[in-house]
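**Q** Return a 3D structure for these sequence lines:
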Amino acid sequence: MRAGQVRRPGERLLGGLQGLARHLGQAATLRSLPQPAALVAATAAELEGAAELGLPAFVKTPIGTASAGVCRVSSADALRRLAVACEGRGAFRQGAFGPGGGLVQRAVAGPLVMVQSVFAGGELVAWHACQRVREGAAGGASHKLSLDLPAAREHTARLGAALDWHGALSADVIDGPAGPAAWRYLAGGSTGAYSLTPAAWEELRRAAATVGPRLPGD
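**A** Numbers count the residues shown, from 1 in each chain. Take a look at the predicted model:
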């Protein structure tokens, strides 16, 4: 999977939610990354049955930015009502989820860390992480703190190498008591300067400009 495969603005995961969930379940390198318990629900019954993951949990559509298309459910009854509502709206056919379904992830406790990186042919060339100190609009951050997280950096490098990634890559990571506990979001491209310090943004911008696009056959 390469950067060019992310074709739609706001696509949460490489090749869609189901694409990355499949790769995380099958590729040994990706499977070794910490991640919340998850499943893909393609029917109302599967969505209702996702309570077995443990609650609270997040239900996510394949397309969306920030918190758009994300619903937090804290009880089996709330999950059942959501499944009924989604079925009624046709979400599992041509609606929000589409025929591939949506991703359900068990919630993980800990602060949110936003990771930005740049790769050149699978090699990590620039990286920065900042913690959301205060939540802002639409689930963003109004206050941030730059962090040195060697484990998250190593995970990022391993992920980019496994995907042979070329270009910018951004992720949300939950930093638990024992270290980075769960990769919950991944998107091709950078989330932009608003999530970085000026110095970090300039470093990543220059790295991205130096890497440039990958041409066919590279």
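**Q** who's in contact with the longest strand along the chain?
**A** Counting by DSSP state E, the longest strand found in the chain is strand 123-135. Outside strand 123-135, the residues that touch it by CB atoms under 8 Å, 6 or more residues apart in numbering are 111-119, 140-149, 152-153, 156-157, 160-161, 173, 175, 195-197, 200, 203-204, 206-208, 210-211. In short, each C-beta sits where N, CA and C put it, glycine included.
**Q** Can you turn the buried part of these into a ChimeraX selection?
**A** Selection of buried members from the contacts of strand 123-135 for ChimeraX, criterion 16 or more other CB atoms under 10 Å:
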select :112,113,114,115,116,117,118,119,140,141,144,149,152,153,156,157,160,173,175,195,196,200,203,204,207,208,211
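**Q** Where strands are concerned, which of the contacts of strand 123-135 count?
**A** Going by DSSP E, the strands hold 112-119, 141-147, 173, 175 from the contacts of strand 123-135.
**Q** And for E202, the neighbour number?
**A** With neighbours defined by other CB atoms under 10 Å, the count for E202 comes to 12.
**Q** How is the protein divided into domains?
**A** Each domain of the chain is listed here as a residue range: 3-8+108-211, 37-106, per automatic domain parsing.
**Q** Would you format those as a markdown table with mean pLDDT included?
**A** Formatted as a markdown table, those follow (pLDDT from 0 to 100):
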| stretch | mean pLDDT |
| --- | --- |
| domain 3-8+108-211 | 77 |
| domain 37-106 | 86 |
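**Q** my guess is V211 contacts G167, does it?
**A** Yes - contact criterion CB atoms under 8 Å: V211 and G167 qualify, at 6.5 Å.
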